[in-house]
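Chemist: sharing a model that was predicted from the sequence below.
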Amino acid sequence: MKILLLGKNGQVGWELQRSLAPLGELLALDRNSPSHCGDLSNLEGLADTVRVFRPDVVVNAAAYTAVDKAESDQSTANLINALAPEVLARACAAIGAYLVHFSTDYVFDGAGQKPWLESDATGPLNVYGHSKLAGEKGIAKQGAKHVIFRTSWVYGTEGGNFAKTMLRLAQEREKMAVINDQFGAPTGAALLADITALCLQRDQYLSGIYHLAAAGETSWHAYAKYVLQQAQSLKPSLKYSVKEVAAVATTEFPTPAARPLNSRLNCSQLENALQLKLPAWQTGVDAMLSKIL
């Protein structure tokens, strides 16, 4: 199996290099790769890469993820999140390749408290969400074999993440304030990578849109408190200045881009298709903390 991976140095891409390597010949690219074009802003170059390498599978882990910046940089967000996936799907259709793409809960408006189903009506609140939804639609209309995994609250051991920020602030401040009215499931990049590899080993590939996130739910505030408790348990020698972690509403932290309050994803369709049970969000967070502490 020949696999083309885009976005190799992102949180998900880093883990995908590990999980996909045993499956065959892996060409992993980022936007600065010298031998082939892995830059999602270069649409012609992307299409040429697929034509020349002729992969059996293309895994697109690259995206424009600067949610607030996208509000003032709509053209770049659309180029990378909407137009590039459509170009990849068209190139895949031309050679019969299978496309794996990652999307987001931000395609929904965040209303209510029920976990979102794949069939629920979309309604993005911000430019980033609109661009990711446009990418989904662009892929679907090209006729390529494909699967789109919608996920949420993604973190990895590489680069920055929410847990690392909380640990740093807890050592710098006596009081912290964290949002308590947004709900979702922290989902490890390693889990996304492992499920992707599992799907590529099946006799029959998945088709269409599937929700993929860790099991359970929490708020950012409860997540922060869990991280600090676990960190102190794993590494008692760490010294924290924080004495209070206050719970505050989203309205206390105004941002250029509106965030959905409900990021819960119903993943039963994927669990049924793969005959597995997705792990609780705490499992991945514990594993991540044990690596970074």
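Modeler: Everything's here; your move.
Chemist: now do the contacts for the closest residue to Val87 other than its chain neighbours.
Modeler: Nearest-residue entry for Val87: Leu43, 4.8 Å, with adjacent residues in sequence omitted and distances by C-beta to C-beta, 6 or more residues apart in numbering. The C-beta positions use only the backbone N, C-alpha and C, and glycine is treated the same way. By C-beta atoms under 8 Å, 6 or more residues apart in numbering, the contact set of Leu43 is Leu79, Leu83, Ala84, Val87.
Chemist: from Ala84, how far off is Leu43?
Modeler: 6 Å (C-beta to C-beta, to the nearest Å).
Chemist: what's the answer for Gly135, then?
Modeler: 8 Å.
Chemist: which one of the two has more residues nearby?
Modeler: Taking other C-beta atoms under 10 Å, Gly135 and Ala84 do not tie; Gly135 has more neighbours (29 against 25).
Chemist: now do the buried residues in the helix or strand hosting Arg168.
Modeler: Following DSSP states H and E, one finds Arg168 within helix 162-172. Residues Phe162, Ala163, Lys164, Met166, Leu167, Leu169, Ala170 are the ones in helix 162-172 that count as buried (16 or more other C-beta atoms under 10 Å).
Chemist: run through who's touching it.
Modeler: 153, 155, 176, 178, 186, 220, 223-224, 227-228, 231, 238-242, 285, 288-289, 292.
Chemist: got it, and stretch 131-140?
Modeler: 63-64, 70, 74, 77-78, 80-86, 88-89, 99, 101, 103-104, 106-107, 122, 124, 146, 148, 209.
Chemist: filter the residues you listed down to the buried ones.
Modeler: Buried by 16+ other C-beta under 10 Å: 63-64, 70, 77-78, 80-86, 88-89, 99, 101, 103-104, 106-107, 124, 146, 148, 209, out of the contacts of stretch 131-140.
Chemist: among those, which lie within helices?
Modeler: Ala70, Ala77, Asn78, Ala84, Pro85, Glu86, Leu88, Ala89 (DSSP state H).
Chemist: as CSV, those with pLDDT and distance to Leu198 would be great.
Modeler: As requested, those are exported to CSV (pLDDT from 0 to 100; distance: C-beta to C-beta, whole Å):
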residue, pLDDT, distance to Leu198
Ala70, 97, 31
Ala77, 97, 30
Asn78, 97, 32
Ala84, 97, 26
Pro85, 98, 22
Glu86, 97, 27
Leu88, 97, 22
Ala89, 97, 22
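Chemist: thank you, goodbye.
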